[in-house]
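Participant: after the sequence you'll find the predicted model.
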Amino acid sequence: MSKLETQLKKATKHMVLVEEDKALMRERLVSYMEHKPLRREPVHGRRAATRLPLFGFFRTHHLSGALVIALLATTSTFGMSFAAGDALPGDLLYPVKVNVNEEVKGAFKISHESRIEFEQTRAELRLKEASQLASEGRLDSKKQEAVAKLFAEHTEAVTEQVQEVEESDPVLAAEVSTEFEAALDTHEAVLARLIVEGDDEGNKGAQQLVEQVRTAANEAEKLREEAEERMTDDEPVQEEPVAVDATQDVEIEQDHATPKTE
Amino acid sequence: MRQEQAFLDAFDKYADALYRHASFRVSDSEKARDIVSDAFTKTWDYLVKGNTIDEFRPFLYRTLNRLIIDEYRKKRTESLDHLLDEAMVPEGAFEELVAGNRDDMELALDAQRIPELLAEMPVQYREVVVMRYMDGLMPAEIADILDQSVNNISVRIHRGVTWLSERAEERNL
């Protein structure tokens, strides 16, 4: 190690994560790993089961005793919390809705089409939640950031899935992109209207979200165009039917039949 | 469970260094924390897609670097232009490297004032000096992470160290 390296390392060694922050970051990472486990290779022809991310979530999110009891009291056979179904950003059970309920549903979406539909639904749900909050004047910057982050994740997931399926099934890619683009246009209009009709404080969050929705709609349009281009490339080239001139053939035959005489 | 354990081991081993690196690059400890957290979740996402990672350290630094650039884009500062402008290091500048190895030098400055001096460095030098002398990465590794030529990286490191040395002397007067 050079002298300069030793000197700089020594001078900055105090710049580390606070122990508590590092521990919390690690716990969240473990929870994230449990929500999105690695795919396993099939064992003896059977598909390895996807672990449902429930106990890891409870263990690592430091949920209060009252909350845990509330969740356990309302869980179904499949471990889903119905109480979280209508939660909005900022509500106590909103993380359960997004990180447990929705993730569990998503674990059963196998085909590209179902995954695309699932992530599109989630993206639209985020916008509906934001619209509801905005209409009530409750879309502050913190909630807006939370919604924006989730919306970006869902739209990114849609884009990835559409790009994966584009080569093998450009028709599907074009269809879903068209639907998603139209849905985003609608939500953009709803949010824009809320901005116009609402107060300045609630507007700020909605304004930023509108811009994000616009960007996502442009991206969906781009995916649609790419898929449509691929559809055009994949279409078999149809040869133009050749018009047969019957009279020309007859003349040729006659020429052969009637040799020239000098 | 090997990949999972290797991933968590990488967190335990590199989280602090990545945080320190990010702190100097974005000048905001809270944002640095978020960026480091994102770097690890994105690395996990990469593994979830079925990929493997042989060496976590360069992968994490590459991922971190991309997130930092995204952060610059959000702020839309001139830092991004400097960061991405490879043309600022003309080919003819390589003779500077011949002037000699700067590794043996030490800054003539009190240790407590070094972090603030590093924070003041122009971003195009700070990035590579932090990677070389705080993260302990070699120029070839830095070049791979930043997707630039080794010569370019070496010149920037050299200029960065020169900048540090000159400023340290000024402050010590």
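Facilitator: Arrived safely.

Participant: residues contacting stretch B:11-28, please?
Facilitator: For stretch B:11-28, contacts defined as CB atoms under 8 Å, 6 or more residues apart in numbering or on different chains pick out A:12, A:15-17, A:22, A:25-26, A:29, B:29, B:31-33, B:35-36, B:39-40, B:56-57, B:60-61, B:64, B:68, B:71, B:118-119, B:123, B:126-127, B:130-131, B:134-135. Glycine gets a C-beta too; all of them are placed from N, C-alpha and C.

Participant: quick check: residues of chain A near chain B?
Facilitator: Applying the criterion CB under 8 Å from any CB of the partner chain, the portion of chain A that neighbours chain B consists of A:1-5, A:7-12, A:15-17, A:21-22, A:25-26, A:28-30, A:32-33, A:36-39.

Participant: restricted to helices, list these.
Facilitator: Assigned to helices by DSSP state H, the following of the residues of chain A next to chain B qualify: A:3-5, A:7-12, A:21-22, A:25-26, A:28-30, A:32-33.

Participant: buried ones among these?
Facilitator: Neighbour counting with 16 or more other CB atoms under 10 Å in any protein chain shown marks A:4, A:7-9, A:11-12, A:21-22, A:25-26, A:29-30, A:32-33 as buried within those.

Participant: now do the helices in chain A.
Facilitator: Taking DSSP H as the criterion, chain A carries its helices at A:3-12, A:19-35, A:55-60, A:65-73, A:94-96, A:103-107, A:112-135, A:141-166, A:170-197, A:200-234, A:246-257.

Participant: chain B too?
Facilitator: B:2-26, B:29-48, B:56-75, B:78-84, B:95-98, B:114-120, B:123-133, B:139-146, B:150-172.

Participant: in TSV: those, plus mean neighbour count and mean pLDDT.
Facilitator: Rendered in TSV, the data for these read as follows (neighbours: other CB atoms under 10 Å in any protein chain shown; pLDDT from 0 to 100):
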stretch	mean neighbour count	mean pLDDT
helix B:2-26	19	93
helix B:29-48	19	90
helix B:56-75	18	87
helix B:78-84	16	50
helix B:95-98	10	45
helix B:114-120	15	86
helix B:123-133	23	90
helix B:139-146	19	90
helix B:150-172	18	87
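
Participant: buried set for stretch A:220-238?
Facilitator: A:Ala220, A:Glu221, A:Leu223, A:Arg224, A:Glu226, A:Ala227, A:Glu228, A:Arg230.

Participant: what does it contact?
Facilitator: A:158-159, A:162-163, A:166-167, A:170-171, A:173-174, A:177-178, A:180-181, A:184.

Participant: hey, C-alpha coordinates of that stretch in CSV?
Facilitator: Output for stretch A:220-238, consisting of C-alpha atoms alone and laid out as CSV, is shown next (Å, rounded to 0.1, in the frame of the first residue of the first chain):
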residue,chain,number,x,y,z
ALA,A,220,-44.9,2.5,-23.7
GLU,A,221,-45.4,4.2,-27.1
LYS,A,222,-41.8,3.4,-28.0
LEU,A,223,-42.2,-0.2,-27.1
ARG,A,224,-45.4,-0.4,-29.2
GLU,A,225,-43.6,1.1,-32.2
GLU,A,226,-40.7,-1.3,-31.8
ALA,A,227,-43.0,-4.3,-31.6
GLU,A,228,-45.0,-3.1,-34.6
GLU,A,229,-41.8,-2.7,-36.6
ARG,A,230,-40.8,-6.2,-35.7
MET,A,231,-44.2,-7.5,-36.8
THR,A,232,-43.6,-5.8,-40.1
ASP,A,233,-40.2,-7.4,-40.4
ASP,A,234,-41.6,-10.8,-39.6
GLU,A,235,-44.3,-10.8,-42.1
PRO,A,236,-43.6,-13.1,-45.0
VAL,A,237,-42.9,-11.2,-48.3
GLN,A,238,-45.8,-11.9,-50.6
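
Participant: closest point of the stretch 101-250 of chain A to chain B, which residue?
Facilitator: The stretch 101-250 of chain A approaches chain B most closely through A:Glu160 (9.2 Å), counting by CB to the nearest CB.

Participant: and the gap between that residue and A:Glu119?
Facilitator: A:Glu160 sits 9 Å away from A:Glu119, going by CB to CB, to the nearest Å.

Participant: stretch B:146-158 close to chain A?
Facilitator: No - interface with chain A: stretch B:146-158 contributes nothing (CB under 8 Å from any CB), its closest point being 10.3 Å away.

Participant: export that stretch as PDB, just CAs?
Facilitator: Coordinates of each C-alpha in stretch B:146-158 appear next as PDB, following Å, rounded to 0.1, in the frame of the first residue of the first chain:
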ATOM      1  CA  LEU B 146     -16.000   3.400 -15.300                       C
ATOM      2  CA  ASP B 147     -15.700   1.900 -18.800                       C
ATOM      3  CA  GLN B 148     -12.800   4.200 -19.800                       C
ATOM      4  CA  SER B 149      -9.300   3.600 -20.900                       C
ATOM      5  CA  VAL B 150      -6.600   2.800 -18.400                       C
ATOM      6  CA  ASN B 151      -4.500   5.700 -19.700                       C
ATOM      7  CA  ASN B 152      -7.400   8.100 -19.200                       C
ATOM      8  CA  ILE B 153      -7.900   6.900 -15.600                       C
ATOM      9  CA  SER B 154      -4.200   7.100 -14.900                       C
ATOM     10  CA  VAL B 155      -3.900  10.700 -16.100                       C
ATOM     11  CA  ARG B 156      -7.000  11.700 -14.000                       C
ATOM     12  CA  ILE B 157      -5.500  10.100 -10.900                       C
ATOM     13  CA  HIS B 158      -2.200  11.900 -11.500                       C
END
